[in-house]
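Trainee: sequence first, predicted model second:
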Amino acid sequence: MTYEQKIPGNYSTSSLYAQVMITYSSGIAFAVPFNTHVMGAFLASTGASLWWDNLGGLIDTIPTVGEGVLAVGFSDVKNVSGINAQTGNKEWSYSTDAQLSGTPAFAGDAFYFGTLNGTLYALSTSGKLLWKTPIGAVAETTPALASGMVFVGADDGYLHAFNASTGNGMWESNLDSPLISPPVVSEDGIVYEATSDGPLYALNETDGSRLWSYSLQTAVIASPVLDNGDLFVVDQTGVIHAFGAQPSVTTQTSTLSSSSTSSTSVSSVATNTSQTPATTTSTTTTSSESTASETTTYTTPPSLPTSANQLEALVEWAIGIVITLAVGVLGVRGWERSRFEIFDIEGTTRVVLRNRSTNVATVNIGDIKITDETGRPVRIESAALTYETVKRQQVETTSVQEIQEKGELELTLSLNSSTRQRVMVAVPYKHPEKKVQWRTRTLTIEPGGNQPG
């Protein structure tokens, strides 16, 4: 150990979420105790404190550094502030239409971020608005930037590409389930996006056409990582999936597990190590997309790295993946400001789905996905429909329900603990003559206690 640095103050944390969020730039580390007003900087080489300051708003997304400026968003204030990285002084503040929904991205001379109203913003390092554009749904993740474009996924399952200079839409692709994992873009122009339903997609950055898809069979909420042409993805159950750049029928997965001493270990299993490229197969879709699984061959990537060096790198990366997972989840939150809202009732284990549209919203309670902070499913104990003019009516927890205009479907969750917990709620719903849409939100449930705003 080189040094230790005590963060000023006394802050509580859950078993999963990081107590302090950290970002780094040009030899300086910046620390923010999660969901507090405080932020500070210290020299990464020695730990010497440079400054600490109260920024006046609750911070629950990681600040982003660009050209000596920290872009900081708040969960209780509708603005983003520019902080001088060297001094901690506030250089500017820009009012937005809602709170930030995720960590900003930086490229060139601009910060890019989404808000809970479903708007994508581009601000200069001096706090000047370059452009803003509606996305149509909440984007809870950090945008990706490459080739002069901004790529951002939204809660309604659409991956969008915008011109980074003008904000003009380039293309959008419907991936059919909420996107709560940030996209990443390779040097050869491939956009990778994992979904909350399990599929991992590779798309052409130019036009959004699908190149291939791969079923992970469970949600991905942390950002994938690209390294030397290899793609690493960790799913919600702790399984690491590694994909290489060359076609192959090799299968290798690594699973994170915790021992009794809470140290992280990795176990690996390899099957079918033949390096013979698969033969071409046809698909029943009208696109050129290829689909792959761990038990079948395929004609296009993904394939999995097999060298000892790559596996060693994977192990090293796995040690840090818990931090990555925490960071990904910390950026995942949001109050649905659209026509279909998800929120909790303070001091209870109840979650409410509210329909604000003028159409009936149809929800199959059995299709609602709720997981706790470890990724385990949370059972719905009971459900009740409520309206402004009708009392609460108990309904079956596995049945299809029609939520009328201004109606609510109230779910009571069966939690194993009476202490504060984070749960992720994903709800598929349908309006008449429209396709199924998704809404997601990560909630902090604190039965019998005070719920953070």
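Mentor: That came in fine, so what should we check first?
Trainee: quick one: the helices in the chain?
Mentor: Remark: helices assigned in the chain by DSSP state H are 308-330.
Trainee: beta partners of Leu231?
Mentor: Leu231 has these beta-bridge partners by DSSP bridges: Leu226, Phe243.
Trainee: quick one: contacts for it?
Mentor: Leu231 sits next to 184, 186, 192, 224-225, 242-244, 302 when contact means CB atoms under 8 Å, 6 or more residues apart in numbering. From N, CA and C alone the C-beta is placed, and that goes for glycine too.
Trainee: what is the lowest-pLDDT residue among the residues you listed?
Mentor: The lowest pLDDT within the contacts of Leu231 belongs to Pro302, which sits at 40.
Trainee: neighbours of the closest residue to Phe74 other than its chain neighbours, how many?
Mentor: Nearest residue to Phe74, sequence neighbours excluded (CB to CB, 6 or more residues apart in numbering): Gly57, at 3.2 Å. Applying other CB atoms under 10 Å, we find 20 other residues in the vicinity of Gly57.
Trainee: Gly40 too?
Mentor: Neighbour count for Gly40, taken as other CB under 10 Å: 20.
Trainee: surely it and Trp51 touch.
Mentor: Yes. Using CB atoms under 8 Å, Gly40 is in contact with Trp51, at 6.2 Å.
Trainee: between these two, what contacts are shared?
Mentor: In contact with both Gly40 and Trp51: Gly88, using CB under 8 Å, 6+ apart.
Trainee: residues contacting stretch 26-33, please?
Mentor: So stretch 26-33 is in contact with 7, 9, 11, 19-24, 38-45, 50, 59, 62-63, 65, 68, 70, 85-86, going by CB under 8 Å, 6+ apart.
Trainee: please list only the buried members of these.
Mentor: For these, a burial check counting by 16 or more other CB atoms under 10 Å picks out 7, 21, 23, 38-42, 44, 59, 62-63, 65, 68, 70, 85.
Trainee: how long is stretch 174-191 from one end to the other?
Mentor: With CA to CA, to the nearest Å as the measure, stretch 174-191 spans 14 Å from end to end.
Trainee: give me the distance between it and the centre of its chain.
Mentor: 11 Å (CA atoms, centre = their mean, to the nearest Å).
Trainee: do stretch 208-223 as well
Mentor: Distance, centroid of stretch 208-223 to centroid of chain: 13 Å (CA atoms, centre = their mean).
Trainee: swap in stretch 39-56?
Mentor: 27 Å.
Trainee: that older thread, nearest to Lys430 among the buried ones among the contacts of stretch 26-33?
Mentor: Ile62 (34.9 Å; CB to CB).
Trainee: for the closest one, phi and psi?
Mentor: Ile62 has phi and psi values of phi -70, psi 130 when expressed as degrees, to the nearest 10.
Trainee: so for it, what's the pLDDT?
Mentor: 88.
Trainee: do the same with Asn359
Mentor: 78.
Trainee: which residues touch it?
Mentor: Going by CB under 8 Å, 6+ apart, Asn359 touches 405, 431-432.
Trainee: tell me, please, where in the protein the pLDDT is lower than the cut-off.
Mentor: Within the chain, the stretches with pLDDT under 70 are 1-19, 245-339, 387-391, 433, 435, 448-453.
Trainee: could you list the domains of it?
Mentor: The chain breaks down into these domains under automatic domain parsing: 1-95, 128-330, 340-445.
Trainee: could those domains be laid out in TSV, adding distance to Thr119?
Mentor: Compiled in TSV, the domains of the chain are given as follows (distance: least, CB to CB, whole Å):
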stretch	distance to Thr119
domain 1-95	11
domain 128-330	6
domain 340-445	17
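Trainee: between those, which gets nearest to Gly102?
Mentor: Smallest distance to Gly102 across those (CB to CB): 5.0 Å, for domain 128-330.
Trainee: run a quick neighbour tally on the closest residue to Ser399 other than its chain neighbours.
Mentor: In space, and not counting its chain neighbours, Ser399 is closest to Ile365: 6.1 Å by CB to CB, 6+ apart. A count of nearby residues for Ile365, using other CB under 10 Å, gives 18.
Trainee: list the contacts for Ile365?
Mentor: By CB under 8 Å, 6+ apart, the contact set of Ile365 is 380, 383, 395-401, 409, 411.
Trainee: which among those residues end up buried?
Mentor: Neighbour-count burial (16+ other CB under 10 Å) is assigned, among the contacts of Ile365, to 380, 383, 395, 397, 401, 409, 411.
Trainee: for those residues, which two are the farthest from each other?
Mentor: Ile380 and Gln401 (11.9 Å).
Trainee: Thr358 reaches Gln404, doesn't it?
Mentor: No. Counting by CB under 8 Å, Thr358 stays clear of Gln404, with 10.0 Å between them.
Trainee: more neighbours, these two?
Mentor: Higher neighbour count among Thr358 and Gln404: Gln404, with 16 against 9, using other CB under 10 Å.
Trainee: wait, doesn't the more buried one sit right on Arg356?
Mentor: No. With contact defined as CB under 8 Å, Gln404 does not count as touching Arg356 (11.2 Å).
Trainee: on that earlier part again, could I get the contacts of Leu231 in CSV, plus columns for distance to Lys128 and neighbour count?
Mentor: Formatted as CSV, these follow (distance: CB to CB, whole Å; neighbours: other CB atoms under 10 Å):
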residue, distance to Lys128, neighbour count
Val184, 28, 20
Ser186, 31, 16
Tyr192, 32, 25
Pro224, 32, 21
Val225, 32, 17
Ala242, 42, 24
Phe243, 40, 23
Gly244, 43, 20
Pro302, 41, 25
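Trainee: want to throw the residues you listed into a markdown table with distance to Thr166?
Mentor: Listed next are those as a markdown table, based on distance: CB to CB, whole Å:
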| residue | distance to Thr166 |
| --- | --- |
| Val184 | 23 |
| Ser186 | 24 |
| Tyr192 | 25 |
| Pro224 | 28 |
| Val225 | 30 |
| Ala242 | 37 |
| Phe243 | 33 |
| Gly244 | 36 |
| Pro302 | 33 |
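Trainee: max pairwise distance over those residues: which two?
Mentor: So, the contacts of Leu231 by CB to CB: farthest apart are Val184 and Gly244, at 15.2 Å.
Trainee: how about stretch 220-229: buried residues?
Mentor: Buried residues in stretch 220-229 (16+ other CB under 10 Å): 220-226.
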